[in-house]
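Enquirer: Got a sequence here, can you model it:
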Amino acid sequence: ECYRKAAEQGYATAQFNLGLMYENGWGIDKNEATAVECYRKAANQGHADAQFYLGLMYECGLGVDKNHSTGVEWYRTAAGQGHLYAPKSFDRLTKQYSKRIGLGQGHAAAKRREV
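Expert: Numbers count the residues shown, from 1 in each chain. Just a heads-up that it's a prediction; the model follows:
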(Lines give C-alpha, C1' and ligand atoms only; values in the text may rest on other atoms or scores of the structure.)
Protein backbone atom coordinates (compact mmCIF):
# COMPACT_ATOMS: atom_id res chain seq x y z
CA GLU A 1 0.00 0.00 0.00
CA CYS A 2 2.86 2.38 0.81
CA TYR A 3 4.51 1.79 -2.58
CA ARG A 4 1.20 2.38 -4.34
CA LYS A 5 0.66 5.71 -2.60
CA ALA A 6 4.21 6.87 -3.24
CA ALA A 7 3.98 5.71 -6.87
CA GLU A 8 0.75 7.67 -7.34
CA GLN A 9 2.60 10.74 -6.07
CA GLY A 10 5.18 10.27 -8.81
CA TYR A 11 8.14 8.78 -6.92
CA ALA A 12 10.15 6.87 -9.51
CA THR A 13 11.68 4.37 -7.08
CA ALA A 14 8.24 3.52 -5.71
CA GLN A 15 6.90 3.13 -9.26
CA PHE A 16 9.77 0.78 -10.06
CA ASN A 17 9.27 -1.27 -6.88
CA LEU A 18 5.54 -1.49 -7.52
CA GLY A 19 6.38 -2.76 -11.01
CA LEU A 20 8.53 -5.49 -9.48
CA MET A 21 5.66 -6.44 -7.21
CA TYR A 22 3.23 -6.70 -10.13
CA GLU A 23 5.70 -8.54 -12.36
CA ASN A 24 6.47 -11.18 -9.73
CA GLY A 25 3.22 -11.32 -7.79
CA TRP A 26 4.89 -10.25 -4.55
CA GLY A 27 2.05 -9.43 -2.13
CA ILE A 28 -0.20 -8.47 -5.04
CA ASP A 29 -1.87 -10.26 -7.96
CA LYS A 30 0.65 -10.85 -10.73
CA ASN A 31 0.01 -8.55 -13.68
CA GLU A 32 2.81 -8.05 -16.18
CA ALA A 33 0.95 -5.38 -18.16
CA THR A 34 0.55 -3.28 -15.02
CA ALA A 35 4.22 -3.90 -14.22
CA VAL A 36 5.13 -2.44 -17.62
CA GLU A 37 3.02 0.65 -16.88
CA CYS A 38 4.82 1.13 -13.56
CA TYR A 39 8.24 0.61 -15.12
CA ARG A 40 7.41 3.07 -17.91
CA LYS A 41 6.41 5.79 -15.45
CA ALA A 42 9.68 5.36 -13.54
CA ALA A 43 11.74 5.00 -16.73
CA ASN A 44 10.36 8.23 -18.13
CA GLN A 45 11.71 9.93 -15.02
CA GLY A 46 15.19 8.57 -15.69
CA HIS A 47 15.14 5.53 -13.39
CA ALA A 48 17.86 3.29 -14.91
CA ASP A 49 16.61 0.02 -13.36
CA ALA A 50 13.13 0.67 -14.72
CA GLN A 51 14.59 1.41 -18.16
CA PHE A 52 16.50 -1.88 -18.04
CA TYR A 53 13.42 -3.83 -16.96
CA LEU A 54 11.36 -2.26 -19.76
CA GLY A 55 14.00 -3.48 -22.19
CA LEU A 56 13.65 -6.95 -20.71
CA MET A 57 9.85 -6.86 -20.84
CA TYR A 58 9.91 -5.88 -24.53
CA GLU A 59 12.63 -8.39 -25.34
CA CYS A 60 10.67 -11.26 -23.77
CA GLY A 61 7.15 -10.08 -24.56
CA LEU A 62 6.10 -9.87 -20.92
CA GLY A 63 3.07 -7.63 -20.46
CA VAL A 64 3.61 -6.16 -23.95
CA ASP A 65 3.99 -7.50 -27.46
CA LYS A 66 7.53 -8.72 -28.04
CA ASN A 67 9.43 -5.92 -29.75
CA HIS A 68 13.21 -6.24 -30.01
CA SER A 69 13.61 -2.77 -31.48
CA THR A 70 11.92 -1.17 -28.48
CA GLY A 71 13.87 -3.44 -26.13
CA VAL A 72 17.12 -2.29 -27.72
CA GLU A 73 16.17 1.34 -27.24
CA TRP A 74 15.34 0.88 -23.55
CA TYR A 75 18.58 -1.02 -22.99
CA ARG A 76 20.45 1.80 -24.74
CA THR A 77 18.76 4.37 -22.51
CA ALA A 78 19.60 2.42 -19.36
CA ALA A 79 23.20 1.97 -20.51
CA GLY A 80 23.43 5.72 -21.01
CA GLN A 81 22.37 6.14 -17.40
CA GLY A 82 25.20 3.85 -16.29
CA HIS A 83 23.15 0.71 -15.60
CA LEU A 84 25.57 -2.15 -14.96
CA TYR A 85 23.88 -4.89 -17.03
CA ALA A 86 22.31 -2.80 -19.78
CA PRO A 87 25.34 -2.61 -22.13
CA LYS A 88 25.65 -6.41 -22.29
CA SER A 89 21.90 -6.85 -22.84
CA PHE A 90 21.94 -4.08 -25.45
CA ASP A 91 24.83 -5.74 -27.27
CA ARG A 92 23.24 -9.20 -27.19
CA LEU A 93 19.82 -8.03 -28.33
CA THR A 94 21.27 -5.76 -31.03
CA LYS A 95 23.10 -8.74 -32.51
CA GLN A 96 19.95 -10.90 -32.39
CA TYR A 97 17.78 -8.14 -33.86
CA SER A 98 20.28 -7.39 -36.64
CA LYS A 99 20.41 -11.07 -37.63
CA ARG A 100 16.63 -11.35 -37.56
CA ILE A 101 16.09 -8.41 -39.91
CA GLY A 102 19.01 -9.43 -42.14
CA LEU A 103 21.59 -6.78 -41.27
CA GLY A 104 25.25 -7.71 -41.06
CA GLN A 105 27.74 -7.57 -38.21
CA GLY A 106 28.78 -4.05 -39.25
CA HIS A 107 25.34 -2.70 -38.34
CA ALA A 108 25.41 -4.32 -34.91
CA ALA A 109 28.91 -2.95 -34.28
CA ALA A 110 27.79 0.54 -35.32
CA LYS A 111 24.81 0.38 -32.95
CA ARG A 112 27.11 -0.67 -30.08
CA ARG A 113 29.42 2.29 -30.75
CA GLU A 114 26.43 4.62 -30.32
CA VAL A 115 26.00 3.51 -26.69
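Enquirer: Next up, the contacts around residue 35.
Expert: With contact taken as CB atoms under 8 Å, 6 or more residues apart in numbering, residue 35 is in contact with 19, 20, 21, 22, 23, 57, 62, 63. Bear in mind the C-beta positions are built from the backbone N, C-alpha and C, glycine included.
Enquirer: Please apply the same query to residue 12.
Expert: Contact partners of residue 12, counting by CB under 8 Å, 6+ apart, are 41, 42, 45, 46, 47, 50.
Enquirer: Determine which two of those residues are furthest apart.
Expert: Farthest-apart pair in the contacts of residue 12 is 41 and 46; separation 11.4 Å (CB to CB).
Enquirer: Give me the distance from stretch 33-52 to the chain's centre.
Expert: 7 Å (CA atoms, centre = their mean, to the nearest Å).
Enquirer: And stretch 49-66, by the same measure?
Expert: Relative to its chain's centre, stretch 49-66 lies at 5 Å (CA atoms, centre = their mean).
Enquirer: quick one on the thing from earlier: which of the contacts of residue 12 ranks first by neighbour count?
Expert: Top of these by neighbour number is residue 50, holding 29 neighbours under the definition other CB atoms under 10 Å.
Enquirer: tell me which element it is part of?
Expert: Assessed by DSSP states H and E, residue 50 sits inside helix 48-60.
Enquirer: pLDDT on the following helix or strand past that helix, on average?
Expert: Per DSSP H and E, the first helix or strand lying C-terminal to helix 48-60 is helix 68-80. Helix 68-80 shows a mean pLDDT of 91.
Enquirer: Brilliant, that's me finished.
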